[in-house]
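Novice: show me the folded form of this:
(chains A and B)
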Amino acid sequence: MPVVTLPDGSQRRFDHPVTVDEVAAGIGAGLRKAALAGRVNGKLVDTSYVIADDANLAIVTDKDADGLDIIRHSTAHLLAQAVKELFPDAQVTIGPVIEDGFYYDFAYERPFTTEDLAAIEAKMAELAKADQKVTRRVLSRDEAVTFFRNLGEIYKAEIIASIPEKEEISLYGQGNWVDLCRGPHVPSTGKLKAFKLTKVAGAYWRGDSRNEMLQRIYGTAWADRKQLEEYLHRLEEAEKRDHRRIGRELDLFHMQEEAPGAVFWHPKGWRVFQTLIGFMRERQRAAGYQEVNAPELMDATLWQQSGHLEKFGESMYLTKTPDERLYAIKPMNCPGHVQIFKHGLRSYRELPLRLAEFGKVHRYEPSGALHGLMRVRAFTQDDAHIFITEAQITAECVAVTKQILEIYADFGFEDVRIKFADRPPKRVGTDEVWDRAEEALKAASRAAGIEYALNRGEGAFYGPKLEFVLRDAIGRDWQCGTLQVDLNLPGRLGAYYIDEHSAKRTPVMLHRATFGSLERFFAILLEHHAGRLPAWLAPVQAVVLSITERQDGYVGAVTETLKNQGFLVESDLRNEKVGFKIREHTLQRVPYLLVAGDKEVAAHLLSVRTRNGKDLGTMSPETFAERLRIELDSRGRQTVEG
RNA sequence: GCCGGGAUAGCUCAGCUGGUAGAGCAGCGCAUUCGUAAUGCGCGGGUCGGAGGUUCGAGUCCUCUUCCCGGCACCA
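Specialist: Next up, the predicted model:
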């Protein structure tokens, strides 16, 4: 005779087994209607689930994160049901919940079109309106396999075959459609009120590019219309942040057909790029790094020795010269830095030796992977290789980690996650060396006091790595920095130093990058700030504008003075209304607009307005310069606005 | 690389079933000298991504190809 304990601690006693639905009904008709599922002793179940023994029960509604997931999962089922009604020959496969929505993969003789999508969505609305009951039943493995085989659903039969023996096999039905599913699901299709199909795409069966391609339909689903509208609005806003769009609007860079995956930097974009390099250069110098520069093009034999040609060759650009030599354009900077290390005899006294380079590398990325500045074939790394003894690994890793996190904070990225990527299947070196490298990096992580998630099998081919992932203003994660412990390449490339006993020793090499790819980091900054780069990064920090030509002399003089102090300032003397000029420079995201009319000229002032439309009143050019200096030096932690 | 979609003026986009390319913004010229997100009038601007083909005739149809977009796979 079950006693059901509710989240508020109250208990209900029953003299017979009850369903979740019945308990909800006992509490109130409104709750019963809102109930999507139950959480019995922490486990999600259908509202039809029968509680036979004492249990804790929470009724799951659409206010619950789990409730929303159930809505999405059930909407995926609704999608599959609609597809089967419209295209009986399509075979169903899997339909999981993803962030903000769901997808379902189908095997079908042809790709679905956007017209199909509209028809499917309409059918889904119709089925939802019919408010069909969703029922669950359990079958044995053999029964289930036979059931789906008979329906011609060979993919489903294959999925069942891969379900562990001990797991129960449940089927969910609604109307005349049945799907294999773990559940739980909403009690009836009428609970699905706000959904939209968003796109179609190809996707490999079981995520393996050797398998056939299925037709994937993506959709989004929410508790109500309003949430759906908000989501669609969020998508639009995210699109406005797209760095490709901002790059064009602000005249920062462009790309063109003749150089796929490569960037043409315009003056303003390159200025920002140089600011990033200047900033990093300063930090690295302070931390004991020395900047070097290695050749872009080196004989292929060197890359053979390092293992790059074998493990990474598919992504390398090769070129044969008239003298019949085969060269490779560098895809990484490490072998070049090892050559610099090797030149001359190194003593243990020189370690750690930190060699840094803003190295431009070329990688032949798959055409389908290219994406604006985020994924290119030619990019610049803020790359450094630190040569150390094994005893120095921990201390150096701790120092690197600390600096990476400090630098991210300077850009306003405080929310940083760290992943530990261990040995990949395609690698050089013995397992014994990998054990040591992984242990060393783990020990260093502990010493640095950082927590990480394991990213299995994602290490570099020569060593394990820490990956630094930062979260931007709209909650997206970007992997940028990396720290790798390499016990393989120095030996392969013949690097050694002389230790305190005059013996030759192979150094350990740490690979580290903070921005990762400068191009990509630039793009992340643009999207993070929606183009409104902080003044210290902005290509133009202020524009001085006249109201009529009577102020031309004053505006010109003020502009010159500010420029001479190193500020990035331009003047706008065009014969246009001031409102027009304000609009243009605001759209160009210039942090400060300095207006000079007759009144300002007479009093030696500037009227200061921010790109966000805020009027900071008038101040002298000297005061503005002083305050801007503080803003730049503090990297935006203090602003002209105060 | 795979699946789908796309490429028309500097930008955003229209161009139905094949009949000889259009708008807004931007640009240029002229007028206007103006107080915080678009002053008015006028003018110029296109090998319709590239190469073949079908046709009396192709931006429109077919084939190939390049690049871009969205996914998938990949991302040392």
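
Novice: right, and RNA strand B sits closest to which residue of chain A?
Specialist: residue A:368 (1.8 Å; Cβ to the nearest atom of the strand). C-beta here means a position set from N, CA and C on the backbone, and glycine is covered the same way.

Novice: for stretch A:513-520, what is the distance to the chain centroid?
Specialist: On the basis of Cα atoms, centre = their mean, to the nearest Å, stretch A:513-520 sits 14 Å off its chain's mean C-alpha point.

Novice: surely residue A:18 is in contact with residue A:24?
Specialist: No. Checked against Cβ atoms under 8 Å, the pair residue A:18 and residue A:24 is beyond contact range at 10.0 Å.

Novice: and the nearest residue to residue A:465 once chain neighbours are set aside, how many neighbours?
Specialist: Leaving aside its sequence neighbours, residue A:465 sits nearest to residue A:484 (Cβ to Cβ, 6 or more residues apart in numbering; 4.0 Å). Around residue A:484 there are 24 other residues, counting by other Cβ atoms under 10 Å.

Novice: phi and psi next, for residue A:484.
Specialist: Dihedral pair for residue A:484: phi -120, psi 140, per degrees, to the nearest 10.

Novice: what of residue A:628?
Specialist: phi -70, psi -40.

Novice: one more: residue A:576?
Specialist: Main-chain torsions, residue A:576, degrees, to the nearest 10: phi -130, psi 160.

Novice: pLDDT score for it?
Specialist: Here, the pLDDT recorded for residue A:576 equals 94.

Novice: what's the spacing between it and residue A:597?
Specialist: 14 Å (Cβ to Cβ, to the nearest Å).

Novice: can you check residue A:336 too?
Specialist: Residue A:336 is 57 Å from residue A:597, where distance means Cβ to Cβ.

Novice: neighbour count winner among these two?
Specialist: More crowded of residue A:336 and residue A:597, by other Cβ under 10 Å: residue A:336, with 22 against 17.

Novice: contact partners for the more buried one?
Specialist: Contact analysis of residue A:336 by Cβ atoms under 8 Å, 6 or more residues apart in numbering lists A:294, A:295, A:298, A:330, A:357, A:359.

Novice: apply 7 Å and report the result again.
Specialist: By Cβ atoms under 7 Å, 6 or more residues apart in numbering, the contact set of residue A:336 is A:294, A:295, A:298, A:330.

Novice: which other helices and strands contact the helix or strand harbouring the third one?
Specialist: This means residue A:298. Using DSSP states H and E, residue A:298 sits within strand A:297-299. Strand A:297-299 sits against strand A:326-329, with contacts defined as 3 or more Cβ pairs under 7 Å, 6 or more residues apart in numbering; DSSP states H and E.

Novice: can I get the strand it packs on in PDB, CA atoms only?
Specialist: Extracted in PDB, the C-alpha atoms of strand A:326-329 (Å, rounded to 0.1, in the frame of the first residue of the first chain):
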ATOM      1  CA  LEU A 326      60.200  18.800 -51.900                       C
ATOM      2  CA  TYR A 327      59.300  21.500 -49.400                       C
ATOM      3  CA  ALA A 328      56.400  21.700 -47.000                       C
ATOM      4  CA  ILE A 329      54.700  24.900 -45.800                       C
END
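
Novice: if you look at the helix or strand just after that strand, does any of it touch RNA strand B?
Specialist: Sequence-wise, the next helix or strand downstream of strand A:326-329 (DSSP H and E) is helix A:334-342. No. Helix A:334-342 does not reach RNA strand B (Cβ under 7 Å from any atom of the strand); its nearest approach is 8.6 Å.

Novice: which residue, other than its chain neighbours, is closest to residue A:177?
Specialist: In space, residue A:177 comes closest to residue A:81 once its chain neighbours are excluded; the distance is 4.3 Å by Cβ to Cβ, 6+ apart.

Novice: helix, strand or coil for the one you found?
Specialist: Classification of residue A:81 using DSSP: H, G, I helix; E, B strand; the rest coil returns helix.

Novice: look at it and report its pLDDT.
Specialist: For residue A:81, pLDDT reads 96.

Novice: identify the residues contacting it.
Specialist: By Cβ under 7 Å, 6+ apart, the contact set of residue A:81 is A:127, A:174, A:175, A:177.

Novice: wait, the second one sits on residue A:187?
Specialist: Okay, so that is residue A:174. No. Using Cβ atoms under 7 Å, residue A:174 is not in contact with residue A:187, being 10.2 Å away.

Novice: which neighbours do these two share?
Specialist: Among the neighbours of residue A:174, those also in contact with residue A:187 (Cβ under 7 Å, 6+ apart) are residue A:134.

Novice: just to revisit the earlier point, partners of the strand holding residue A:298 in the sheet?
Specialist: Under the criterion DSSP bridges, strand A:297-299 sits next to strand A:326-329 (antiparallel) in its sheet.

Novice: what about the partner strand, distance to the chain center?
Specialist: Here strand A:326-329 is found 32 Å from its chain centre; the criterion is Cα atoms, centre = their mean.

Novice: what of stretch A:197-211?
Specialist: 20 Å.

Novice: more crowded one of residue A:18 and residue A:24?
Specialist: A side-by-side neighbour count of residue A:18 and residue A:24, using other Cβ under 10 Å, places residue A:24 first with 23 against 20.

Novice: which SS state does the more buried one fall under?
Specialist: Classified using three-state DSSP, residue A:24 is helix.

Novice: quick check, it in contact with residue A:58.
Specialist: No. Using Cβ under 7 Å, residue A:24 is not in contact with residue A:58, being 10.5 Å away.

Novice: one step back: who's in contact with the residue nearest to residue A:465?
Specialist: Neighbouring residues of residue A:484 by Cβ under 7 Å, 6+ apart: A:460, A:463, A:464, A:465, A:510, A:511.

Novice: which of the residues you listed scores worst on pLDDT?
Specialist: residue A:460 (90).

Novice: residues in contact with stretch A:160-174?
Specialist: A:77, A:81, A:132-139, A:141, A:144-145, A:148, A:178-183, A:185, A:189.

Novice: keep only those of the residues you listed that are in strands.
Specialist: Mapping the contacts of stretch A:160-174 onto strands (DSSP state E) picks out A:134, A:135, A:136, A:137, A:138, A:139, A:178, A:179, A:180.

Novice: and the fifth one, what are its bridge partners?
Specialist: Going back to what we said before, that points to residue A:138. Beta-bridge partners recorded for residue A:138 (DSSP bridges): residue A:170.

Novice: JSON lines for the ones in strands among the contacts of stretch A:160-174, including neighbour count, pLDDT and distance to residue A:450?
Specialist: Output for the ones in strands among the contacts of stretch A:160-174, formatted as JSON lines (neighbours: other Cβ atoms under 10 Å; pLDDT from 0 to 100; distance: Cβ to Cβ, whole Å):
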{"residue": "A:134", "neighbour count": "23", "pLDDT": "94", "distance to residue A:450": "45"}
{"residue": "A:135", "neighbour count": "15", "pLDDT": "94", "distance to residue A:450": "49"}
{"residue": "A:136", "neighbour count": "16", "pLDDT": "93", "distance to residue A:450": "45"}
{"residue": "A:137", "neighbour count": "10", "pLDDT": "91", "distance to residue A:450": "49"}
{"residue": "A:138", "neighbour count": "10", "pLDDT": "91", "distance to residue A:450": "46"}
{"residue": "A:139", "neighbour count": "17", "pLDDT": "89", "distance to residue A:450": "48"}
{"residue": "A:178", "neighbour count": "19", "pLDDT": "91", "distance to residue A:450": "49"}
{"residue": "A:179", "neighbour count": "21", "pLDDT": "91", "distance to residue A:450": "43"}
{"residue": "A:180", "neighbour count": "22", "pLDDT": "91", "distance to residue A:450": "42"}
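
Novice: just the closest of those to residue A:540, please.
Specialist: residue A:179 (57.4 Å; Cβ to Cβ).

Novice: and the residue nearest to residue A:428 when sequence neighbours are not counted, how far from residue A:80?
Specialist: Nearest residue to residue A:428, sequence neighbours excluded (Cβ to Cβ, 6+ apart): residue A:307, at 4.6 Å. Here residue A:307 is placed at a distance of 47 Å from residue A:80 (Cβ to Cβ).
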